[in-house]
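**Student:** Sequence and predicted model, in that order:
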Amino acid sequence: MLNETISKKCQQGVTLLEMLITLAIAAILLTVVAPNVQSILTKNKITSEINELSGLFQFARFTAIDEQALTVVCPSSNFDSCTTNWNDPKMVFIDDNNNGARDAGEELLLVSQSISSTNTMTASEDIVQFLDSGGALTAANIKLCPNSKDAKFARALEITAQGRTRLSTDPENDGIHNDSSGNLSCS
């Protein structure tokens, strides 16, 4: 009975001093870790969006080869017509009459969501067209930057004249990715 009384007293909770020490450690950890978590989230969101776009272009290229038809990738706000704003959702369709626009009867093959409102996407071309050989009608460079304009998070996707997609890399390990023209900037 005496042991039971002692063990109940020992298990009543934590002291005020123990609670304050725990809160102080948690506050220190949060101030050190929180900025790093934000940069990890930003980097992962941009990587996810550029990878999704790469998959969309690869699908369009392989469709052009398989169907032996001109296949178009372009941004679209309504999935009926192309826009020039690459922040809009993207669509892929076979351009039966080779006019660079989606007409009635041209099936919508694949769509993507618009990019995150925290990022901005720009492209050197309004639309990207893949020929039946798999080559691109014109080479294109698409850049994705955070709205903060921090170059260390910028990523690019290049579509070569042969139709291949190439992601930007960081060959110098300086934290800033390069495309074929050099360091990416978000200015």
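**Tutor:** Right, received. Where do you want to start?

**Student:** Tell me which other helices or strands the helix ranked longest in the chain touches.
**Tutor:** Longest helix in the chain by number of residues, with DSSP state H as the criterion: helix 16-67. Secondary-structure packing of helix 16-67 (3 or more CB pairs under 8 Å, 6 or more residues apart in numbering; DSSP states H and E): strand 71-75, strand 90-94, strand 108-111, strand 119-123, strand 128-130, strand 140-146, strand 155-159, strand 165-167. Every C-beta, even on glycine, is put in place using the N, C-alpha and C of the backbone.

**Student:** Would you mind listing where the chain has pLDDT under the threshold?
**Tutor:** 1-12 (pLDDT under 70).

**Student:** need the contact list for the residue nearest in space to the middle of it.
**Tutor:** Centroid-nearest residue in the chain: Glu49, 1.6 Å away (criterion: CA atoms, centre = their mean). Counting by CB atoms under 8 Å, 6 or more residues apart in numbering, Glu49 makes contact with 115-116, 119, 121, 144.

**Student:** ok, of those, which one's closest to Cys74?
**Tutor:** Closest approach to Cys74 among these (CB to CB): Met121, at 12.6 Å.

**Student:** wouldn't the closest one be in contact with Pro146 here?
**Tutor:** No. Using CB atoms under 8 Å, Met121 is not in contact with Pro146, being 11.0 Å away.

**Student:** and the nearest residue to Leu110 once chain neighbours are set aside, how many residues sit next to it?
**Tutor:** Counting by CB to CB, 6 or more residues apart in numbering, Leu110 lies nearest to Val92, which is 4.3 Å off, once chain neighbours are set aside. By the criterion of other CB atoms under 10 Å, Val92 has 24 neighbours.

**Student:** cool, Ser77 as well?
**Tutor:** When neighbours are counted by other CB under 10 Å, Ser77 comes out with 13.

**Student:** I'd say it and Pro89 touch.
**Tutor:** Yes. Counting by CB under 8 Å, Ser77 does reach Pro89; the two are 7.5 Å apart.
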